[in-house]
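*Asks:* Next one to model:
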Amino acid sequence: MAEAIAQTAVIPDPYTMELRDIDVSRPEIMQQDAQWDYFARLREEAPVHYCENGMFGPFWSLTKFNDIMAMDKNHHDFSSDLGITLIDRQADFSTPNFISMDPPKHDVQRHTVQGVVAPMNLAKLESTIRSRAAAILDSLPVGETFNWVDTVSIELTTQMLATIFDFPFADRRKLTYWSDMATSGELAGGPTPEAERRAALLECLEYFTNLRNRRANEPIKSDLLSMLAHGKDTQNMPPMEFLGNLILLIVGGNDTTRNSISGGVLALNENPGEYDKLRANPGLISNMVSEIIRWQTPLAYMRRTANRDIEFGGQHIKQGDKIAMWYLSGNRDDEVIEDPDRFWIDRPHARHHLSFGFGIHRCMGNRLAEMQLRVLWEEIMQRFRMIEVVGEIERVQSSFVRGYATMPVQVHPW
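*Replies:* Below you'll find the model as predicted:
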């Protein structure tokens, strides 16, 4: 019911509102892809903007590229310890993880698992990604309409996630389910009742605890779970902290890449001249991948909390205030990015975007995400002249995850 209400909600024109009343955290704005004028007005009139009556309580919005980068790099004054979303932690169900921690704890936990995306391991993973992408694409029903999100985007990223966790392959869709439950709860403005979300996450904890206990009694391997089970700083994590890190790694490895895969298909359909350019020169794929990630910005923002009273961007931010760094807006800032509203697959300096963050919390799996997208598009272009969007797309109900639930397509071979 909540989803149906959000889909039909009337989104007001932000230029008709009082500046103080603008609340870009409302999920229905992004579900209807109506956020662009909101962010344009904030970038122009109030790049450091205070919303007193936000859906998730009072918060500041940062909407300019350089302001976001400066705050993201300043973990001394702007903390991650109270979480990375605008939802305040629930005392009775807190799931801390290393992205929502400050040094030194953040550093040791991240260091434990970052080896899974070391260059040597990525090189080994590429052939696996390629063979799985090829198998998925070869199975697509030519001449029939199907949901690209589920059939390709989710399936490929879930297979990859199962590999880096060494998770039982037959149960891999559990990872998708847990990822969706983690990001679609009612408290986040999504459609999932809180009791259902908690039950799903506790199921995730139980399943992974059993796996971790087995890995702890085996020689260490290069999968994430083995690294957590054997790492001196992670092997004795409390259960809810273990769950928090699992959800972080699952969402980071699943939602972001899968929504960039779908977003790239949509962007090429909306910009047929760029699709022509790609067909004429598949060598543009690597650069296009960076442009897709900028264009999609699969995680729309990250939150920080002020550690002290501080002047920032001409505004007085008080200790304890919540701040949303809107990567989605910063990636459309024309003071930094040339012609930012244009999807441009041979864009110069395409990797200069905010989607992976900056500083100590820069996305650990950025190279893996780029590689998955690159390999997939290399395999697509060998098989299909076009992936055509043929019906209404449905976006997810969230202001944090910028993603898709449904994208009906047909594939057209060469």
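
*Asks:* C-alpha only now, for contacts and for neighbours.
*Replies:* OK.

*Asks:* quick one: buried residues of the helix or strand encompassing residue 211?
*Replies:* Here residue 211 sits within helix 194-216, counting by DSSP states H and E. When burial is assessed from 16 or more other CA atoms under 10 Å, helix 194-216 yields the following buried residues: 194, 197-198, 200-201, 204-205, 208-209, 211-212, 215-216.

*Asks:* Show me the contact partners of stretch 30-39.
*Replies:* The contact list for stretch 30-39, computed with CA atoms under 8 Å, 6 or more residues apart in numbering, reads 6-7, 11, 13-15, 22, 24, 29, 63, 329, 394-399, 402.

*Asks:* remind me, longest helix of the protein?
*Replies:* As far as residue count goes, and with DSSP state H defining each element, the longest helix of the chain is helix 239-270.

*Asks:* Just the angle for that helix relative to helix 194-216, thanks.
*Replies:* Following axes from the mean of the first three to the mean of the last three CA atoms, to 10 degrees, one obtains 110 degrees for the angle between helix 239-270 and helix 194-216.

*Asks:* Helix 239-270 - contacts with which helices or strands?
*Replies:* For helix 239-270, the helices and strands in contact under the criterion 3 or more CA pairs under 8 Å, 6 or more residues apart in numbering; DSSP states H and E are helix 155-165, helix 173-183, helix 194-216, helix 272-280, helix 285-296, helix 366-383, strand 384-389.

*Asks:* What residues of it count as buried?
*Replies:* For helix 239-270, burial by neighbour count (16+ other CA under 10 Å) applies to 240-269.

*Asks:* next one: stretch 50-58
*Replies:* Of the residues in stretch 50-58, those buried under the neighbour-count criterion (16+ other CA under 10 Å) are 50, 51, 54, 55, 56.

*Asks:* How far away from the center of its chain is it?
*Replies:* On the basis of CA atoms, centre = their mean, to the nearest Å, stretch 50-58 is displaced by 23 Å from the centre of the chain it belongs to.

*Asks:* again with stretch 33-42
*Replies:* With CA atoms, centre = their mean as the basis, the distance from the averaged C-alpha position of stretch 33-42 to the chain average is 19 Å.

*Asks:* Repeat that for stretch 38-58.
*Replies:* 21 Å.

*Asks:* measure that stretch end to end?
*Replies:* The stretch stretch 38-58 measures 17 Å between its terminal residues, going by CA to CA, to the nearest Å.

*Asks:* average pLDDT for it?
*Replies:* Mean pLDDT, computed over stretch 38-58, is 97.

*Asks:* ok, so what distance separates residue 335 from residue 367?
*Replies:* According to CA to CA, residue 335 stands 27 Å off from residue 367.

*Asks:* same question, residue 279
*Replies:* Residue 279 sits 24 Å away from residue 367, taking CA to CA as the criterion.

*Asks:* tally of neighbours for residue 221?
*Replies:* With neighbours defined by other CA atoms under 10 Å, the count for residue 221 comes to 13.

*Asks:* go on, residue 382?
*Replies:* Counted by other CA under 10 Å, the residues lying close to residue 382 total 12.

*Asks:* And the pLDDT at it?
*Replies:* According to the prediction, residue 382 has pLDDT 97.

*Asks:* which residues does it contact?
*Replies:* In this structure, residue 382 makes contact with no residue, judged by CA under 8 Å, 6+ apart.

*Asks:* same deal with residue 193?
*Replies:* Residues in contact with residue 193 (CA under 8 Å, 6+ apart) are 185, 186.

*Asks:* State the phi and psi torsions of it.
*Replies:* Backbone torsions of residue 193, given as degrees, to the nearest 10, read phi -60, psi 140.

*Asks:* quick one on the thing from earlier: state the mean pLDDT of the helix or strand following the helix holding residue 211.
*Replies:* Note on helix 194-216: by DSSP H and E, the next helix or strand toward the C-terminus is helix 224-230. Averaging pLDDT along helix 224-230 yields 83.

*Asks:* which secondary structure elements does helix 224-230 contact?
*Replies:* The helices and strands touching helix 224-230, judged by 3+ CA pairs under 8 Å, 6+ apart, are helix 105-113, helix 155-165, helix 194-216.

*Asks:* With residue 390 as the reference, name the closest of those.
*Replies:* Using CA to CA as the criterion, the shortest distance between residue 390 and the helices and strands packed on helix 224-230 is 20.4 Å, found for helix 155-165.

*Asks:* Name the residues that touch the closest one?
*Replies:* Residues external to helix 155-165 that are found in contact with it (CA under 8 Å, 6+ apart): 116, 129, 132-133, 136, 167-169, 172-173, 175-176, 223-225, 250, 253-254, 257-258.
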